[in-house]
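S.K.: take this sequence and fold it.
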Amino acid sequence: MRRFEGKTVFVTGGATGIGLATARRFVLEGAAAVVMGRRADVGEAAVAELEAAGGRALFVRGDVASEADVVRCVDEAIAAFGRIDVLVNNAAMSTSVDFVAGETSEWKPVFDVIAFGTYFCTRTVARHMIEACVRGAIVNVSSINSYRALPMTSHYNAAKGAADQLTRCTAVELAPHGIRVNAVNPGFVDTPMSVVDGENELETDWFKDIYVERRKIPQARAGGPEEIASVVAFLASDDASYMCGATVPVDGGLSLTF
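M.R.: Next up is the predicted model:
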């Protein structure tokens with residue numbers, strides 16, 4: 001199935017993890033993929049992988065927290081492929097911060113990437129879609145943490161909550177232009193972000209005990225990046241043509257037992 005033949009997808013944080021799996025899925029379904037990220041070496045390696053799979057791909061170096069970078073990268077993508085049909089807001093970062101003892105400076109980078117990054121990219125690409133009369137799709141990669149609570153992650157959870165609300169609000173505002181906005185909300189996924197202080201949390205005894213043995217995750221395992229990518233592709237495709245402002249959990253059932 002090649003649902004995106006002749007289309008272009010723009011993926012932020014697209015060089016690793018869910019972003020790379022998403023770019024790969026779109027390429028395999030016929031799209032050209034633009035990967036935006038901050039590290040040139042990782043980005044170029046991702047593009048080489050996508051091209052080796054038979055796809056057309058471009059790496060654009062920039063920081064989603066910078067509106068100027070976003071505008072420049074979107075312009076580069078349009079110059080290369082003519083248009084953007086799908087935007088995937090995937091770039092994110094996470095740290096551990098104590099709510100009481102933590103500093104404001106520890107919150108800002110997370111909000112800049114997740115909340116403002118989603119805002120900058122969505123607005124910039126939407127302006128292009130409207131001007132070019134592209135009936136496009138925007139998919140935000142959020143998290144089940146957007147509506148659940150954990151200690152030491154209030155900044156990350158609040159930023160993801162903002163991303164969910166941006167999904168709903170922009171879905172309403174952009175629908176008259178033929179642009180659909182939806183979000184996917186992953187749970188535990190085996191990506192580079194799973195590594196905290198040099199340790200992969202998915203390989204720890206506490207994860208295996210609580211989430212696997214005791215089946216806090218009903219499916220008793222973490223997800224793979226490609227499993228999130230498949231839902232992103234669905235939401236961006238015509239198969240989801242009547243979905244507007246949805247936030248879809250893809251978490252092995254974790255949000256049912258959280």
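
S.K.: and the residue nearest to the spatial centre of the chain, how far is that from residue 118?
M.R.: The centre of the chain sits closest to residue 90, judged by CA atoms, centre = their mean, with a distance of 2.0 Å. Distance, residue 90 to residue 118, using CB to CB, to the nearest Å: 10 Å. For every residue, glycine as well, the C-beta is placed using N, CA and C.

S.K.: re the thing from before, my read is that the residue nearest to the centre of the chain contacts residue 16, right?
M.R.: No: with contact defined as CB atoms under 8 Å, residue 90 does not reach residue 16; the gap is 9.9 Å.

S.K.: next secondary structure after the helix or strand of the chain with the lowest mean pLDDT?
M.R.: With mean pLDDT, DSSP states H and E as the measure, the helix or strand of the chain carrying the lowest mean pLDDT is strand 195-196 (a mean of 76). Remark: after strand 195-196, the chain's next helix or strand is strand 199-200, criterion DSSP states H and E.

S.K.: what's the spacing between that following strand and its chain's center?
M.R.: 22 Å (CA atoms, centre = their mean, to the nearest Å).

S.K.: what pairs with it, parallel or antiparallel?
M.R.: Neighbouring strands of strand 199-200 in its sheet, by DSSP bridges, are strand 195-196 (antiparallel).

S.K.: Provide the contact partners of the partner strand at residue level.
M.R.: By CB atoms under 8 Å, 6 or more residues apart in numbering, the list of residues contacting strand 195-196 from outside reads 96, 201.

S.K.: same deal with stretch 200-214?
M.R.: For stretch 200-214, using CB under 8 Å, 6+ apart, the contacting residues are 188, 190, 194, 195, 216, 217, 220, 221, 222, 254.

S.K.: pLDDT (mean, whole number) over it?
M.R.: Averaged across stretch 200-214, pLDDT comes to 92.

S.K.: may I see the buried residues of it?
M.R.: Going by neighbour count (16 or more other CB atoms under 10 Å), the buried part of stretch 200-214 is 201, 202, 207, 211.

S.K.: could you list the low-pLDDT ranges of this protein?
M.R.: 1, 258 (pLDDT under 70).

S.K.: buried ones in the longest helix belonging to it?
M.R.: Scanning the chain for the longest helix, with DSSP state H as the assignment, gives helix 154-174. Residues of helix 154-174 classed as buried by neighbour count (16+ other CB under 10 Å): 154-164, 166-167, 170-171, 174.

S.K.: list just the nearest of the contacts of stretch 200-214 to residue 40.
M.R.: residue 195 (21.4 Å; CB to CB).

S.K.: residue 67: what's its closest spatial neighbour, skipping adjacent residues?
M.R.: Distances taken as CB to CB, 6 or more residues apart in numbering place residue 120 nearest to residue 67, at 4.7 Å, with adjacent residues excluded.

S.K.: pretty sure residue 224 sits against residue 188.
M.R.: No: under the criterion of CB under 8 Å, residue 224 makes no contact with residue 188, lying 10.7 Å away.

S.K.: neighbour count winner among those two?
M.R.: residue 188 (19 against 14; other CB atoms under 10 Å).

S.K.: output stretch 240-258 as CSV, nothing but the C-alphas.
M.R.: Taking C-alpha atoms only, stretch 240-258 is exported to CSV below (Å, rounded to 0.1, in the frame of the first residue of the first chain):
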residue,chain,number,x,y,z
ALA,A,240,-8.7,8.8,8.8
SER,A,241,-10.5,11.4,6.7
TYR,A,242,-13.3,11.9,9.3
MET,A,243,-10.9,12.2,12.3
CYS,A,244,-10.5,15.8,13.5
GLY,A,245,-8.8,16.8,16.8
ALA,A,246,-8.5,13.2,18.1
THR,A,247,-5.9,12.2,20.6
VAL,A,248,-5.3,8.5,20.2
PRO,A,249,-3.5,6.4,23.0
VAL,A,250,-1.1,3.8,21.7
ASP,A,251,0.2,2.3,24.9
GLY,A,252,-0.5,-1.4,25.1
GLY,A,253,-3.4,-0.5,27.4
LEU,A,254,-1.4,1.3,30.0
SER,A,255,-3.7,4.3,30.2
LEU,A,256,-6.5,1.9,31.3
THR,A,257,-4.6,0.8,34.4
PHE,A,258,-2.4,3.8,35.1
